Structures are given as structure tokens and as C-alpha cells.
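K.L.:
I'll drop the sequence and a predicted model, then ask my questions.
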Amino acid sequence: RMKKQLNYADKKGIPFVVLAGENEIREGMFTLKNMKSGEQRKVTLEELIHAVARF
């Protein structure tokens, strides 16, 4: 199911996606994925907010 959602985001030209499962939410860490480069990195909620605000 996630692969289908990532393919949809890619087709729509969405530049970034946030992967947030149950464990990530509990830990306060999220995965930010650059859809163009495929790069993924773990970020805190605060880092995520700043990354989105810069875009």
C-alpha cells in the first residue's frame, strides 16, 4: 500500500513525503523523503517543520 501511495505522489510531482508510522510518531522521529533524489533522512518534528517551511 505504501508503494502505491509513493507512486501516486511521484506522478503528481509532490517533491517530499513524510513517512510516519506508529513507532515514529511515538518516538517523535519521522522520515522525510525527497521524491526526486530518493534521499531519506530521519528528522524530529521541529526539523520537519523547518524543512517544510523552507520549501
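P.N.:
It's in. Numbers count the residues shown, from 1 in each chain.
K.L.:
Could you use CA atoms for every contact and neighbour count after this?
P.N.:
Fine.
K.L.:
show me the contacts for the residue lying closest to Phe16 once chain neighbours are set aside.
P.N.:
Nearest residue to Phe16 in three dimensions, chain neighbours excluded: Asn34, at 4.7 Å (CA to CA, 6 or more residues apart in numbering). Going by CA atoms under 8 Å, 6 or more residues apart in numbering, Asn34 touches 15-17, 40.
K.L.:
Please compute how far the one helix or strand Lys4 maps to lies from its chain's middle.
P.N.:
Under the criterion of DSSP states H and E, Lys4 resides in helix 2-11. How far helix 2-11 lies from its chain's middle: 12 Å, per CA atoms, centre = their mean, to the nearest Å.
K.L.:
What strands line up against the helix or strand just after that helix, and which way round?
P.N.:
Downstream of helix 2-11, the next assigned helix or strand under DSSP H and E is strand 16-19. Neighbouring strands of strand 16-19 in its sheet, by DSSP bridges, are strand 29-34 (antiparallel).
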